[in-house]
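A.B. asks: my questions are about this predicted structure, shown below with the sequence.
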Amino acid sequence: MSHWFLPHTPDLIGLLKAQADVTIRGMDAFAAWSAGDKAKGDELRQAEHDADDARRNLQRELRAAFSTPLDPEDIYELSERLDIVLNAAKNAVREADVMDLVPDAALAQMAAQATAGIRHIADAFAVITKGGDAATMEADAAIKCEREIERLYRTAMSGLREVSDVCEVTAWREMYRRYARIGEALVLVAERVWYAVVKEA
């Protein structure tokens, strides 16, 4: 019966990585949807639900943990900010469906960059307690993906000057902005990786 008195020490980084893996699955579906595979929208929505389950599981274990490998606030924030990225992707698909809009090449490229950024975030999570340089390098790589999203966004927005239909311009501008906001959410996760590493140094 001695196990009753052992401290509860769940693998919180493993749980955070598990949420990131589900997020990758969802973002892969998002990128495929943005490239023209409409069936991937359902996979994205399912991944978003699965990621919510993973996030809630992490939060339950975090609340019960006797000790944590990082500041509990940092683990919580990393999980929450990761969730925002996938939610933003799901909402972009929902908005496109409402407007009956088929993503163009610019949106496909932006989605691919966002997916690459999430992979860097997942890699950062995997090494965040094993030495700061490796995690922050992955975080910086994710930020570079966002900068490419921003460049694609500006290029796509400038192309709208050639479109005369106001309704069409409004629809495309909204979609470009939604995809750009996914990149902004990605940066917030990367910056929290940096913050968590600096605190542990």
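C.D. replies: Now that the structure is in, tell me what you want to look at. The shown structure was predicted, so the numbers you read here are calculated from the model rather than taken from an experiment.
A.B. asks: what about the nearest residue to S34 once chain neighbours are set aside, distance to G36?
C.D. replies: Leaving aside its sequence neighbours, S34 sits nearest to A111 (CB to CB, 6 or more residues apart in numbering; 3.7 Å). All C-beta atoms are positioned from the backbone trio N, CA, C, and that covers glycine. Remark: distance between A111 and G36 (CB to CB, to the nearest Å) = 11 Å.
A.B. asks: give the intersection of the neighbour lists for these two.
C.D. replies: By CB atoms under 8 Å, 6 or more residues apart in numbering, A111 and G36 have these common neighbours: P103.
A.B. asks: which of those two has more residues huddled nearby?
C.D. replies: A111 (27 against 11; other CB atoms under 10 Å).
A.B. asks: now the more buried one: which helix or strand?
C.D. replies: Secondary-structure assignment from DSSP states H and E places A111 in helix 105-127.
A.B. asks: so which elements touch the helix or strand following that helix?
C.D. replies: From helix 105-127 onward toward the C-terminus, using DSSP H and E, the following helix or strand is helix 132-159. Where contact means 3 or more CB pairs under 8 Å, 6 or more residues apart in numbering; DSSP states H and E, helix 132-159 is packed against helix 105-127, helix 166-200.
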